[in-house]
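Engineer: Next one to model:
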Amino acid sequence: MTEVEWGRLPAQALRALADDNAVVILPIASIEQHGPHLPVMTDTRLGSEIAVRAARKAFDRRKAVVTPVVWSGLSEHHMAFGGTLTVSHATFRAIITDLIAALTRQGFRDVLISNSHGGNILAMQNILDELALESDATLVGTTYVTEAGSTYCDVLDDQDGIPKRPTKKRGRHFWNAGPWRSPILSRILKPGHSRWINAGRERMAFRSERIASDGFVL
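Structural biologist: Residues are numbered from 1 along each chain as shown. Presented below is the predicted three-dimensional model:
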């Protein structure tokens, strides 16, 4: 299997990827509450996994490498629930700006920010709009939930879809700890680590048999 994880590659391999005009995928996420049944690292774990799998799928057509996930996101709206680690907008902007600068200094010219946390969406878009005017790289931002929303609709029993942005309305459009996240996370965690998910399954309505054997509908 092709190695696409930045942290598992030696420096010379990363220099070679820059020379080959590889795309860098920079996952951004959060550490925050996800209801009573999901761990606080849900966004971080899913964001990293999806970025790595996407890079592997694309590698034969365009080389790609995935940096370690930026787990420090904008989660002030979750602080009251506990278990949440958040940063200020200024810190978030500085982290993204500095990491993109570090990548371009090494010769990478195409950077995809792959976001997995709803609270990061607007800030990510604003930051990339500003950096695009001065960066030497082509910068693109995406949120995997919105990219795969129509596909997720096919396997959900009690949600008509996934909105473009999080909403306070629970039920049909409940983003944060809804039925589409639970089965995916349970597939990629080791059995002993999914006890919270299993304990909360009676609250979730989803067609697990229609989810691909590797846990993703991609």
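Engineer: Stretch 99-106 - what's its average pLDDT?
Structural biologist: The pLDDT scores in stretch 99-106 average 98.
Engineer: wait, stretch 128-137
Structural biologist: 95.
Engineer: Quick one: end-to-end distance for it.
Structural biologist: With CA to CA, to the nearest Å as the measure, the first residue of stretch 128-137 is 11 Å from its last.
Engineer: Could you give me the buried positions within that stretch?
Structural biologist: Residues of stretch 128-137 classed as buried: 128, 131, 135, 137 (neighbour count, 16 or more other CB atoms under 10 Å). All C-beta atoms are positioned from the backbone trio N, CA, C, and that covers glycine.
Engineer: and the first one, what does it touch?
Structural biologist: The reference is to residue 128. Residue 128 sits next to 113, 139-141 when contact means CB atoms under 8 Å, 6 or more residues apart in numbering.
Engineer: so which strand or helix has residue 46?
Structural biologist: Residue 46 belongs to helix 42-58 when elements are defined using DSSP states H and E.
Engineer: buried stuff in that helix?
Structural biologist: 42-56.
Engineer: Of these, which is the nearest to residue 85?
Structural biologist: residue 44 (10.3 Å; CB to CB).
Engineer: what sits against the closest one?
Structural biologist: 29-31, 69, 71, 116.
Engineer: In a markdown table, list those along with distance to residue 84, secondary structure and pLDDT.
Structural biologist: A markdown table is the format used below for the contacts of residue 44 (distance: CB to CB, whole Å; DSSP: H, G, I helix; E, B strand; the rest coil; pLDDT from 0 to 100):
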| residue | distance to residue 84 | secondary structure | pLDDT |
| --- | --- | --- | --- |
| 29 | 13 | coil | 96 |
| 30 | 8 | coil | 95 |
| 31 | 7 | strand | 95 |
| 69 | 17 | coil | 97 |
| 71 | 12 | coil | 95 |
| 116 | 15 | coil | 93 |
